[in-house]
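Colleague: A structural model of the following input is requested.
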Amino acid sequence: MHTILNKSLKSLLLASTSVMMTAAVAGAQEAATDESLEFEEVVVVGTRIKGLSEAALPVTVMGNAQIEAVGATNMQDILSYIPAIGDFEFQDANTGTNGARGDVAGVNMRSLGSGNTLTLINGRRMVVHPTFQNINDVPTTFYNVNSVPSSAIQRVEVLRDGASALYGADATGGVVNLVPYTSYDGIMLSGKYGFSENTGYDELTLTARGGWSLNDDKTKIGVFGTYYKRSGVAITELDSLYAELDRREHDEIPNEWQGDSQLRNDSSTTPYSVFTTGSLNAQGTWEPTGTYHVNPDGTTSSGSGSERYDYNEDVWITPEVDRFNAMVNLTHEFDNGIELFADAFYYNSKSTTQRAASPLDSGLAYIIIPEENYYLQQAAAANPDLAGSDVLLTRYRPLELGPRIIEVNQDAFRVMAGVRGDFQGWDWESAFIYSEATADDEEFNRQSKNLLSAALALTTEDAFNVFGGPGANSEAVLESIRISTVQKSKTTLASWDMKLTRDRLFSLPGGDVGTALGIEWRRESYQDDRDPRQDGSQPYSYGDLFDESDVVGVSATTDSSANRNVFSGYGEVVLPFVGEPNATFGMTALEFQIAARYEHFSDAGDTFKPKFGFRYAPVESFSFRGSYAKGFRAPNLPQMNQGDIIRRSLGVEDPLRADVTDLDIDTGDLYRITTRLGNSELKPEHTDTVTLGAVFEPTGALDGLRMTFDWWKIEQENVVVILDADYQFEVEALTGTNPNVIRAAVTAEDQALFDAWNLANPDDQRTAVGVATNVISQYINADKREVEGWDASIEYRTGETEAGSFRFRADLSRLSKFTQTAGDVETDYLRRNGNPEWRASGSISWMYEDLTTTVTVKHVGSVYDTSLYADADSGNSGTIDEELERVYWDVDSWTTFDVAFKYRFADTGNALDGTALGFGVRNVANKQPPFADEGNGYFTSLHNSYGRVWWLSVAKQF
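Modeller: Here you go, the predicted model:
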């Protein structure tokens with residue numbers, strides 16, 4: 001495991017930090033100022049007009065000081081402190097095939113899904129990340145915020161409101177605007193190092209900012225760069241609750257849940273093979289004559305065996321990352337008043353992680369060992385029952401092949417150039433942007449079905465041996481079946497916009513009317529190029545067996561690509577009927593925001609979406625605000641163009657057979673074949689968003705206090721979902737029939753198992769059903785999704801006192817409703833496998849002379865885990881589902897505290913002048929993530945396993 005600094009240096013860092021901080025405080029002379037920053041008039045996200053009061057918009061702003069105080073350097077970790085942002089569906093802990101892997105983080109506002117959150121850079125769109133991922137089995141795209149250089153970000157703005165009328169599709173859940181520095185003076189170099197005391201996790205960040213003014217300040221250039229390096233962490237470095245997959249008897253599991261078989265998550269696919277003798281009939285179905293397994297001593301016995309394998313032994317929970325970001329911006333003011341502005345971003349990252357050696361079972365690969373196989377002949381000599389028969393390899397994991405190593409290389413760039421000026425009272429601006437992102441995802445130590453079948457057909461010692469356990473095959477034999485697979489993905493975005501704004505279109509009694517008009521064009525494209533062994537061009541073929549995929553454990557996915565053109569026009573107006581000129585008691589302000597947008601998609605039709613907002617202030621210090629907005633989201637390009645896909649899914653339990661048969665295929669321990677059907681008739685999603693809130697900003701003795709409250713409700717129609725295999729099984733269990741669950745005929749063995757169950761359970765009689773051979777699902781537009789909740793915040797800043805000054809802020813979000821209706825079935829997703837009801841964050845800062853001390857807290861509410869359940873009358877604690885008569889495992893809430901100290905040397909008259917030292921601890925109490933019945937032992941989309949992280953930073957302004 002890579003370690004940037006060794007343990008002795010870490011100890012020295014801890015010991016010396018307190019000494020440095022003490023010396024820094026002793027050298028304090030006067031309050032520091034950051035003269036390197038140049039501020040301009042701010043137009044926050046949520047409007048394109050400077051005249052609209054900020055109090056009218058439900059916007060959360062996270063400034064540079066707050067970002068520094070939390071001590072995080074990844075955008076995912078930084079944004080997790082904003083309660084309105086839900087779980088991170090896309091994050092770097094993912095190792096699954098057919099998903100976005102590597103250095104990724106996607107924003108999910110209101111838990112509506114990452115595809116419903118628009119991410120902007122300084123008010124303009126980012127390119128979509130090149131790799132999409134199935135979320136709830138639906139292809140979902142997102143914007144990778146890790147691709148933006150953190151050193152260039154001045155603040156983060158989060159609009160907690162529907163904004164399709166202003167910014168177009170994808171803004172139905174809200175908007176995250178990453179605002180970079182537009183000007184900078186001087187040079188700043190900084191370094192930051194952090195490490196966890198629990199694991200080998202450590203990270204190093206080097207940043208640089210530079211800004212210069214030329215031509216009598218008419219030309220300004222800014223350069224920003226960040227290099228980030230993080231070590232990988234194996235899950236075995238964590239507590240055994242997470243590291244060990246058999247958790248049935250773990251001390252931290254409550255007594256009533258201990259012994260539950262669902263807590264045994266280790267695998268029945270081990271290095272000791274399980275196989276079935278028999279033959280392949282003319283219909284391509286295996287006709288078995290007996291089942292056998294290899295014992296650890298190399299002998300074979302009848303039956304499927306009892307060996308299990310803890311695949312976490314080779315799993316990394318945190319990938320190793322090397323990342324480089326850079327940005328350059330330029331502005332130049334011509335003599336005629338027109339200003340040229342331009343910027344360029346570049347991002348590159350390499351991520352490395354690993355997971356267990358590739359498993360093989362008959363659900364993943366139908367591999368037949370001919371009776372001529374050299375080692376089958378040897379096994380038959382010792383066990384005559386194996387003589388004269390081919391063998392179907394039911395389960396096997398070649399550990400000596402090594403863990404599957406995953407390397408993801410990503411690149412992204414954006415270039416933007418534009419001009420702006422004013423003409424007869426109108427501010428105008430036009431810009432062109434081109435962005436491109438690529439990802440090369442390569443996975444090593446995989447197995448080719450063709451090569452494996454060829455190696456198994458050999459009659460010499462060079463044959464592949466599945467009958468000997470670990471170490472049975474030489475490196476030369478392993479190399480004969482070993483392959484790597486590569487997925488290459490690419491997305492592009494080209495856009496042009498033209499906008500006009502005017503603060504004083506005409507006057508109303510309350511003030512000047514502001515307006516904004518604009519047109520935009522953009523072209524989006526994606527390319528998904530799968531490995532030839534996975535896209536059907538190099539399929540598996542062995543006798544009468546055929547599979548489009550030649551890779552063990554990976555279903556075939558055909559290459560796909562598409563593009564679309566989008567043209568839009570929008571308008572916005574702010575109408576101040578009551579303002580400073582005509583304010584009276586009980587009516588000091590009344591203003592309205594009206595916006596509308598027309599969009600034409602070349603592949604999804606036309607839409608027109610309005611937004612209406614208002615602010616009413618009965619007194620100067622207190623105001624009400626609200627809005628109604630309609631939203632629009634077209635099906636994304638992969639949903640419309642990927643086509644039908646066959647998938648093999650693990651962990652899908654058959655509720656009609658699991659407890660009766662206890663067979664691996666029925667309990668979900670074997671891979672199940674499912675079919676996902678594309679749907680060219682998908683309709684766009686439509687959204688209605690309502691917000692109502694209040695803002696309290698008193699003056700006088702309470703000057704500096706700001707309190708807000710906003711209730712919101714979002715209704716979506718035609719949401720694109722897929723009714724997955726678990727859903728299809730639930731429908732069959734509730735209604736008694738479901739044509740989408742394809743079952744084989746009941747065999748004599750099936751009937752005997754059901755007869756035995758009925759005899760032992762007179763109060764729970766079951767009708768015999770055959771094994772499910774396929775479960776069919778299709779992308780559809782679900783009837784409705786309703787999400788509701790409220791946000792509250794309080795912020796207070798004191799003036800300067802003898803004791804310094806203080807800043808306090810707290811944000812709270814409650815998700816009170818989350819239901820989704822598909823057909824006649826309504827599902828409550830509140831707290832279900834995520835979507836906590838409560839989220840909160842807060843901080844308090846003390847500024848004394850040149851020293852700033854900040855304490856930050858973050859709270860993530862409890863959820864429940866549907867993968868661990870018991871009968872409702874079992875007496876187990878948890879969340880009860882009355883309809884299914886189940887009680888689900890409760891995943892506890894999680895509260896962490898951070899502390900940070902920052903000292904600036906100002907006007908010292910020596911080399912320390914302009915230097916800033918920072919020190920802090922993330923997760924001071926070393927709180928571990930709350931347990932969930934997942935492979936990693938917790939929900940990686942909600943929590944992290946970093947533990948207590950110490951960090952130290954130093955910056956120098958020149």
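
Colleague: okay, and the helix or strand of this protein with the least pLDDT?
Modeller: helix 7-26 (a mean of 37; mean pLDDT, DSSP states H and E).

Colleague: Pull the number of nearby residues for Asp873.
Modeller: Residues near Asp873, counting by other Cβ atoms under 10 Å, number 9. The way it works is simple: take the backbone N, C-alpha and C, and place the C-beta from them, glycine included.

Colleague: Quick check on it: phi, psi?
Modeller: Backbone torsions for Asp873, taken as degrees, to the nearest 10, come to phi -90, psi 20.

Colleague: what does Lys499 give?
Modeller: Per-residue torsions, Lys499: phi -140, psi 150 (degrees, to the nearest 10).

Colleague: got it, and Trp257?
Modeller: phi -100, psi -10.

Colleague: what number of residues lie near it?
Modeller: Quick note: Trp257 (other Cβ under 10 Å) scores 20 neighbours.

Colleague: show me what contacts it?
Modeller: Contact analysis of Trp257 by Cβ atoms under 8 Å, 6 or more residues apart in numbering lists 263, 868, 870, 876, 889.

Colleague: roughly how far apart are the fourth one and Arg832?
Modeller: So the one you mean is Asn876. Per Cβ to Cβ, to the nearest Å, Asn876 is found 17 Å from Arg832.

Colleague: Help me confirm that Asp898 comes into contact with Phe919.
Modeller: No. Assessed by Cβ atoms under 8 Å, Asp898 is found out of contact with Phe919, at 11.8 Å.

Colleague: Which of the contacts of Trp257 fall in strands?
Modeller: 868, 870, 889 (DSSP state E).

Colleague: ok, the first one - contacts?
Modeller: Contacts were defined as Cβ under 8 Å, 6+ apart; by that measure Leu868 touches 257, 260, 262-263, 888-889, 932-933.

Colleague: Please enumerate the helices of this protein.
Modeller: Taking DSSP state H as the test, the helices found in the chain are 7-26, 64-70, 75-79, 164-167, 240-243, 374-382, 449-456, 475-479, 637-641, 658-661, 664-667, 725-735, 748-760.

Colleague: helices and strands around the third one, which ones?
Modeller: If I follow you right, that is helix 75-79. Here helix 75-79 touches helix 64-70, going by 3 or more Cβ pairs under 8 Å, 6 or more residues apart in numbering; DSSP states H and E.

Colleague: Can you tell me what sits against the helix it packs on?
Modeller: With Cβ under 8 Å, 6+ apart as the test, helix 64-70 has contacts from 77-78, 81, 150, 153-156, 809, 843, 845, 852, 854, 856, 898, 900, 902, 918, 920, 922.

Colleague: From Ala955, how far off is Asn329?
Modeller: 21 Å.

Colleague: would you turn the ones in strands among the contacts of Trp257 into JSON lines with pLDDT?
Modeller: Output for the ones in strands among the contacts of Trp257, formatted as JSON lines (pLDDT from 0 to 100):
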{"residue": "Leu868", "pLDDT": "95"}
{"residue": "Ala870", "pLDDT": "94"}
{"residue": "Trp889", "pLDDT": "97"}
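
Colleague: Nearest to Leu386 among those?
Modeller: Proximity of the ones in strands among the contacts of Trp257 to Leu386 (Cβ to Cβ) peaks at Leu868, which lies at 39.3 Å.

Colleague: do you know how far that closest one is from Gln639?
Modeller: Here the criterion is Cβ to Cβ. By it, Leu868 lies 31 Å from Gln639.

Colleague: can you check Val328 too?
Modeller: Taking Cβ to Cβ, one finds Val328 at 36 Å from Gln639.

Colleague: who has more neighbours, the two?
Modeller: The neighbour count for Val328 versus Gln639, taken as other Cβ under 10 Å, is higher for Gln639 (20 against 17).

Colleague: May I ask you to confirm that Asn679 is in contact with Ile722?
Modeller: No. At 9.3 Å, Asn679 does not count as touching Ile722 under the criterion of Cβ under 8 Å.

Colleague: Identify the contacts common to those two.
Modeller: Residues touching both Asn679 and Ile722 by Cβ under 8 Å, 6+ apart: 778-780.

Colleague: Taking these, please make a ChimeraX selection of just the buried ones.
Modeller: Buried residues among the shared contacts of Asn679 and Ile722 (16 or more other Cβ atoms under 10 Å), as a ChimeraX selection:
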select :779,780
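
Colleague: Kindly reformat the shared contacts of Asn679 and Ile722 as CSV containing pLDDT.
Modeller: Converted to CSV, these look like this (pLDDT from 0 to 100):
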residue, pLDDT
Gln778, 80
Tyr779, 81
Ile780, 81
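
Colleague: Asn329 and Ala955: which has the busier surroundings?
Modeller: With neighbours defined as other Cβ under 10 Å, Asn329 and Ala955 compare such that Asn329 has more, 23 against 19.

Colleague: show me the contacts for that one.
Modeller: Asn329 sits next to 180-182, 221-222, 341-344 when contact means Cβ under 8 Å, 6+ apart.

Colleague: Dig out what it forms beta bridges with.
Modeller: Following DSSP bridges, Asn329 is listed with bridge partners Gly222, Asp343.

Colleague: Can you give me the distance of it to Gln424?
Modeller: 29 Å.

Colleague: now Tyr227
Modeller: For Tyr227, the distance to Gln424 (Cβ to Cβ) stands at 47 Å.

Colleague: more neighbours, the two?
Modeller: Taking other Cβ under 10 Å, Tyr227 and Gln424 do not tie; Tyr227 has more neighbours (17 against 5).

Colleague: For the closest residue to Ala604 other than its chain neighbours, give me its contacts.
Modeller: Excluding the flanking residues, the one nearest Ala604 by Cβ to Cβ, 6 or more residues apart in numbering is Ala634, at 3.8 Å. Applying Cβ under 8 Å, 6+ apart to Ala634 gives the contacts 169, 601, 603-604, 684-685.

Colleague: Pull out the buried residues from those residues.
Modeller: Buried members of the contacts of Ala634, scored by 16+ other Cβ under 10 Å, are 169, 601, 604, 684-685.

Colleague: Look at Phe413 and say how many residues are nearby.
Modeller: Phe413: 17 surrounding residues under other Cβ under 10 Å.

Colleague: Report the contact partners of the residue lying closest to it once chain neighbours are set aside.
Modeller: Counting by Cβ to Cβ, 6+ apart, Phe413 lies nearest to Tyr346, which is 4.9 Å off, once chain neighbours are set aside. For Tyr346, the contacting residues are 324-327, 411-413, by Cβ under 8 Å, 6+ apart.

Colleague: could you measure the closest residue to Trp212 other than its chain neighbours against Ser435, distance?
Modeller: In space, and not counting its chain neighbours, Trp212 is closest to Ile221: 5.1 Å by Cβ to Cβ, 6+ apart. Distance, Ile221 to Ser435, by Cβ to Cβ: 21 Å.

Colleague: likewise Val179?
Modeller: The gap separating Val179 from Ser435 is 17 Å, by Cβ to Cβ.

Colleague: same deal with Ile594?
Modeller: Taking Cβ to Cβ, one finds Ile594 at 31 Å from Ser435.

Colleague: Between these two, point out the one with more neighbours.
Modeller: Set Ile594 next to Ser435 and count neighbours by other Cβ under 10 Å: Ser435 wins out with 23 against 16.

Colleague: pretty sure the more buried one is touching His129, no?
Modeller: No. Using Cβ under 8 Å, Ser435 is not in contact with His129, being 11.1 Å away.

Colleague: How far does stretch 150-164 sit from its chain's centre?
Modeller: Distance, stretch centre to chain centre, for stretch 150-164: 17 Å (Cα atoms, centre = their mean, to the nearest Å).

Colleague: Look up phi and psi at the residue lying closest to Val769 once chain neighbours are set aside.
Modeller: Closest residue in space to Val769, ignoring its immediate chain neighbours: Leu656 at 5.2 Å, by Cβ to Cβ, 6+ apart. Dihedral angles of Leu656 (phi, psi; degrees, to the nearest 10) stand at phi -80, psi -10.
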